[in-house]
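S.K.: structure for this input, please:
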Amino acid sequence: MNNPCAAHRGWSGRAPENTMASIQMALSEPDIEWIEIDVQLSKDHIPVVIHDYKLRRTTNGKGQIRDWTAAELAKLDAGGWFSPLYRNERIPTLEAVLQAVSVSGKCRLNIELKTDGIRYPYIEEQVLKLVRDYRMEDSVVITSFHFGTLHRMHQLSEGDLRTGFILDGWRDSLPEELKQIGSDFLSIDYGRLTKDRVNRLQAAGIQIMAWTINDERSIRKIAMLDPGIIICTNHPDRWRNAMLSIDDGARR
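M.R.: All right, here's what the predicted structure looks like:
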C-alpha cells in the first residue's frame, strides 16, 4: 500500500503555491489524496489562502495580509513571481478552494491556520462556518502551531472537526498533549521521525503527516517507517516515483 500524498500548498513544485492553479493541478491527479493550504484573514475578515504574513514574496503587493481587504487582495498578481505563465494568478479565498475540492470529491484538505492566538482573532469561527457551509467536516483537518487555536476549534466544532498540531521538534509528552486538546493528527518535520516515535504515535491513535519531503531518497526512508504516514511534498511526481521504487523492491 502506498503512503498517501499531500500536495504542499497545492502542487507547488509546478505552479505558484497556494493558488487555484497549484490546487487544481493536484485535484487533477487521481492518486493525490490530500492538499495542504495556509489560511489567514483579510482586513474585512475573509479567510484567504496564502502562507506568508507579508505579501512581498509571492505577490506584487506590499505590507501585511491583514491590512488589505479581500477585494484588494484579489487584484494582486500571485503567480508572476513563479513564472510568466502564471502572471495574474490570484490569491484565492478559502471558500473558492472548498468549493473546488467539494466538487472534485476526491481530496482531503489540511487547512493550516496561520495564527499565534493573537493575530486573527475569530479565524476559527470564520473557517468553521465555511467548512460547515460546504459540508466538508469529514474531509478536512485543521492544523496549527498554536495549541490554543486547536483547543478553541475543538470546542467550537463540538468535536465534529478534526484538528492537528504542527511541530518541527519532538517531545515524549506529545501523545498525551494531543489527547488533552482533542487532536488525533500530527504534522511534523520529517527529520524528527523514528520508528519508535511512529509506533508511539500510532498506538495513541494519532495520524502522522511528515513535511516537507522533496527528494525521493528521503520520501522512501520515511515511507518505509510505516505505510500510514502521509507524505507532504511540493513534488507529488517524486512521491509517485518513490512509491514505485518501493513497490519494485518489494516484488524482487
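S.K.: the helix or strand hosting Ser187: which residues count as buried?
M.R.: Element membership for Ser187, per DSSP states H and E: strand 185-189. The neighbour-count check on strand 185-189 (16 or more other CB atoms under 10 Å) flags Phe185, Leu186, Ser187, Ile188 as buried. To be clear about C-beta, it is placed using only N, CA and C from the backbone, and glycine gets the same treatment.
S.K.: contacts for that strand?
M.R.: In this structure, residues lying in contact with strand 185-189 by CB atoms under 8 Å, 6 or more residues apart in numbering are 110, 112, 141, 143, 162-170, 174, 178, 201, 206-211, 232.
S.K.: chain center to that strand: distance?
M.R.: Distance of strand 185-189 from the chain centroid (CA atoms, centre = their mean, to the nearest Å) equals 10 Å.
S.K.: kindly export it (C-alpha atoms) in PDB.
M.R.: Written as PDB, here are the backbone C-alpha positions of strand 185-189 (Å, rounded to 0.1, in the frame of the first residue of the first chain):
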ATOM      1  CA  PHE A 185      -3.300  14.300  13.900                       C
ATOM      2  CA  LEU A 186       0.300  15.400  14.000                       C
ATOM      3  CA  SER A 187       2.000  17.300  11.200                       C
ATOM      4  CA  ILE A 188       5.700  17.000  11.900                       C
ATOM      5  CA  ASP A 189       9.100  17.800  10.400                       C
END
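S.K.: pick out the residue nearest the middle of the chain.
M.R.: For the chain, the residue nearest the mean C-alpha position is Glu36 (2.3 Å; CA atoms, centre = their mean).
S.K.: bridged to the residue lying closest to Leu150 once chain neighbours are set aside, which residues?
M.R.: Excluding its sequence neighbours, the residue lying closest to Leu150 (CB to CB, 6 or more residues apart in numbering) is Thr163, at 4.4 Å. On the basis of DSSP bridges, Thr163 takes part in beta bridges with Ile142.
S.K.: switch to numbering from 271
M.R.: Got it, first residue is 271 now, which makes that one Thr433.
S.K.: so what does the residue nearest to the centre of the chain have for phi and psi?
M.R.: The phi/psi pair for Glu306 (degrees, to the nearest 10) reads phi -100, psi 130.
S.K.: ok, back up a step: and the residue nearest to Leu420, what is it in contact with?
M.R.: Val411, Ile412, Thr413, Ser414, Leu420, Met423, His424, Ile451, Gly452, Ser453, Phe455.
S.K.: neighbour-wise, give me the winner out of these.
M.R.: Counting neighbours by other CB atoms under 10 Å, the top entry in the contacts of Thr433 is Ser414, with 27 neighbours.
S.K.: can I assume that residue is in contact with Phe435?
M.R.: Yes. Here Ser414 reaches Phe435: they are 7.3 Å apart, a contact under CB atoms under 8 Å.
S.K.: anything in contact with each of those two?
M.R.: Leu420.
S.K.: excluding covalently adjacent residues, which one is nearest to Ser353?
M.R.: Pro286 (7.6 Å).
S.K.: pretty sure the one you found contacts Trp351?
M.R.: Yes. Pro286 is in contact with Trp351 according to CB under 8 Å; the separation is 7.0 Å.
S.K.: using TSV, lay out the buried residues of strand 455-459 together with pLDDT and distance to Val373.
M.R.: Formatted as TSV, the buried residues of strand 455-459 follow (pLDDT from 0 to 100; distance: CB to CB, whole Å):
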residue	pLDDT	distance to Val373
Phe455	98	24
Leu456	98	29
Ser457	98	26
Ile458	98	31
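S.K.: and the nearest residue to Trp351 once chain neighbours are set aside, how far from Ala296?
M.R.: Distance criterion CB to CB, 6+ apart; nearest residue to Trp351, sequence neighbours excluded, is Thr328 at 5.9 Å. Per CB to CB, to the nearest Å, Thr328 is found 17 Å from Ala296.
S.K.: alright, I will stop here.
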